[in-house]
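1. Predicted model and sequence follow; I will ask about them next.
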Amino acid sequence: MPRNYKLKELILETLDEKELSKKELLGHIMSNSHMNISDKTFNESLMSLLKDGKICMIGYDFSIYNDVKRIQSIRPDGIIFSLVKTDFFEIESLIKKLDSGNEEEVRNSSYKLKRIFRNKINELEEEGIIQNVESADTLFNRIVYYIDSQQDKQKKILNTKLAWSLSDVEGDDNFLEDILKYIKAQGVVGL
């Protein structure tokens with residue numbers, strides 16, 4: 001097994017437990033795997049996982065500056081990474097958190113869902129299924145706003161369909177395409 005592949009797997013396994021800064025992530029992997037990992041190899045693996053949409057950046061750990069008051073540079077060690085989970089139940093949970101009263105929870109859920117949504121839209125555009133899509137974030141916001149404006153029964157159905165469409169479930173159904181067609185027919189978005 002190539003070393004880079006093993007490192008990617010270790011990164012994914014570690015982030016499955018909790019969100020970590022780059023510094024914490026590297027330290028955890030090195031101490032638990034007893035591998036000697038160069039910064040270049042680690043960065044290459046992180047960038048590959050980011051590009052593939054398997055992980056995302058969710059914040060910054062300012063504690064790496066050790067109480068420095070005036071910060072003048074951005075150190076990559078403070079970037080906090082999270083695993084992008086795309087199973088149905090995780091997505092459904094993120095959608096439910098959009099209705100919570102906790103501002104940070106809503107922001108984090110929205111960020112993760114938009115990231116997954118952008119990846120799905122990019123896939124559909126590359127396959128030629130849809131084209132000339134406005135900003136994926138704007139489209140996502142309009143879809144969520146439209147779903148929120150529905151009666152409870154319809155809202156639940158549409159939220160479930162949205163969760164299925166964003167999940168990594170393989171099948172013959174094209175849930176996201178169906179949602180986009182339905183929303184377009186309602187005159188909510190321009191596709």
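-> Arrived safely. Numbers count the residues shown, from 1 in each chain.
2. need the next SSE after the helix or strand where Leu25 lies, C-terminal direction.
-> Assessed by DSSP states H and E, Leu25 sits inside helix 22-33. Beyond helix 22-33 in the direction of the C-terminus, DSSP H and E gives the next helix or strand as helix 39-51.
3. chain center to that following helix, what's the gap?
-> Using Cα atoms, centre = their mean, to the nearest Å, the distance from the centre of helix 39-51 to the centre of the chain it belongs to is 17 Å.
4. got the contact list for the helix or strand that that helix is followed by?
-> Tracing the chain past helix 39-51, the next element assigned as helix or strand by DSSP H and E is strand 55-60. The set of residues external to strand 55-60 that reach it, using Cβ atoms under 8 Å, 6 or more residues apart in numbering, is 11-12, 15, 19, 21, 46, 49-50, 78-84, 108, 111-112, 115. For the C-beta atoms, the positions are set from N, CA and C on the backbone; glycine is no exception.
5. Likewise for stretch 76-83?
-> 12, 15-16, 19-23, 25, 43, 46, 54-65, 112.
6. before we move on, back to that, buried ones among the contacts of strand 55-60?
-> 11, 15, 19, 21, 46, 49, 78-84, 108, 111-112, 115 (16 or more other Cβ atoms under 10 Å).
7. Any idea how far apart the tips of stretch 53-63 sit?
-> Between the opening and closing residues of stretch 53-63 we find a distance of 27 Å, counting by Cα to Cα, to the nearest Å.
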